[in-house]
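Undergrad: 3D model of this:
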Amino acid sequence: MVKDMQSLSLVSQGNLEAYIRTVNTYSMLTAEEERELAKRLHYHGDLLAAKQLILSHLRFVVNVARNYSGYGLPQADLVQEGNIGLMKAVRRFNPELDVRLVSFAVHWIKAEIHEYVLKNWRIVKVATTKAQRKLFFNLRKTKQRFGWFNQREVEMVAKELQVSSRDVREMESRMTAQDMAFEQSVDDEYREGTFMPPVLYLQDKVNSDLSGEDDWWGGYVSDKLHCALESLDERSKCIICSRWLDVDNKSTLQELANKFSISAERVRQLEKNALKKMRFIIETS
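TA: Have a look, this model is predicted:
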């Protein structure tokens, strides 16, 4: 069915500005209209209903795609990849769930853009200097030892690889796009993508340069993440805060193991379970 949806003529080909003007002319659906169209598609395979659902959400894809503009890739390509994610979401959307399509589709939209960026951003942004190439090919191995770097670790890595601390921070930020929050699954039945780690979502403010989506969506996601964090027991919450929220003073697994009188492996398991619980709450709330 995805191929059938992809064959739908969404807009005439043209420049990006013309495309955006076009998608902004499509009416947004009420909850009831959306539900009825989703039922027609879900129960009867109505592709006209699918097309209406897709057209009414194309403007949202444009907003999501802006979040990835910093990688130097063509914005039109990012939007197109997001549209593919939207089509997949529409196909899988269950009208009986008490959730709007936009909340369900954002994961699929980001997943497609995420995959596209990961396939292309290295060529565009990473290996532009000899120092950056050296850093790129060595930082992955170093990050496996440290995880998210604090300032002391940044300086140590910079000295070891003979690059500047700024280069380490910049490269870490780029590479973190591959190891994103919540240890995402790429299962074909459910995938999600986001370039913001929890530390950015859970802070009081989100950097406007990183967030290309509407303010209402950023606030909505932030609120859900705060609720997810509050659902954890005190030990798990402490682990998440120490490992994800205080970047410059990030605790190591061993430090937390000593604090709670458990093994480092047990801390890692608790961290993983806490992130999974948070993801479940975010996806189902």
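Undergrad: point out where the stretch 101-250 of the chain drops to low pLDDT.
TA: Applying pLDDT under 70 to the stretch 101-250 of the chain flags residues 118, 121-149, 173-224, 246-248.
Undergrad: could you rerun that using 50?
TA: For the stretch 101-250 of the chain, the stretches flagged by pLDDT under 50 are 123-125, 127, 177-220.
Undergrad: need the strands for the stretch 151-285 of the chain, in chain order.
TA: Assigned by DSSP state E, counting those that start in this stretch, the strands in the stretch 151-285 of the chain number zero.
Undergrad: what's near enough to touch Ala264?
TA: Counting by CB atoms under 8 Å, 6 or more residues apart in numbering, Ala264 touches Leu253, Gln254, Leu256, Ala257. Yep, even glycine has a C-beta here, placed from its N, CA and C like the rest.
Undergrad: just flag the most distant two among the residues you listed.
TA: Gln254 and Leu256 (7.4 Å; CB to CB).
Undergrad: so for these two, which sits in the more crowded spot?
TA: Leu256 (21 against 11; other CB atoms under 10 Å).
Undergrad: measure the residue nearest to that one when sequence neighbours are not counted to Leu275 for me?
TA: Counting by CB to CB, 6 or more residues apart in numbering, Leu256 lies nearest to Val267, which is 4.6 Å off, once chain neighbours are set aside. Taking CB to CB, to the nearest Å as the measure, Val267 falls 13 Å from Leu275.
Undergrad: what's the first-to-last distance across stretch 232-251?
TA: Taking CA to CA, to the nearest Å, the first and last residues of stretch 232-251 lie 18 Å apart.
Undergrad: now do the buried residues in that stretch.
TA: Leu232, Ser236, Cys238, Ile239, Ile240, Cys241, Ser242, Arg243, Trp244, Leu245, Lys250, Ser251 (16 or more other CB atoms under 10 Å).
Undergrad: before we move on, back to that, from what I can see the residue nearest to Leu256 touches Ser261, true?
TA: No. Val267 is beyond contact range of Ser261, at 10.8 Å (criterion: CB atoms under 8 Å).
Undergrad: neighbour count: those two, which is higher?
TA: Neighbour comparison, Val267 and Ser261: the larger count goes to Val267, with 24 against 7 (by other CB under 10 Å).
Undergrad: ok, the more buried one - contacts?
TA: Applying CB under 8 Å, 6+ apart, the residues near Val267 are Ile239, Leu253, Leu256, Ala257, Phe260.
Undergrad: pLDDT-wise, what's the bottom of those?
TA: Lowest pLDDT within those is found at Leu253 (87).
Undergrad: count of neighbours near that residue?
TA: With other CB under 10 Å as criterion, Leu253 counts 17.
Undergrad: let me know whether it touches Arg268 as I believe.
TA: Yes. Taking contacts as CB under 8 Å, Leu253 lies within contact range of Arg268: 5.7 Å.
Undergrad: what residues go with each domain of the chain?
TA: 11-121, 124-184, 224-284 (the TED database).
Undergrad: return the most buried member of these.
TA: domain 11-121 (a mean of 18; mean count of other CB atoms under 10 Å).
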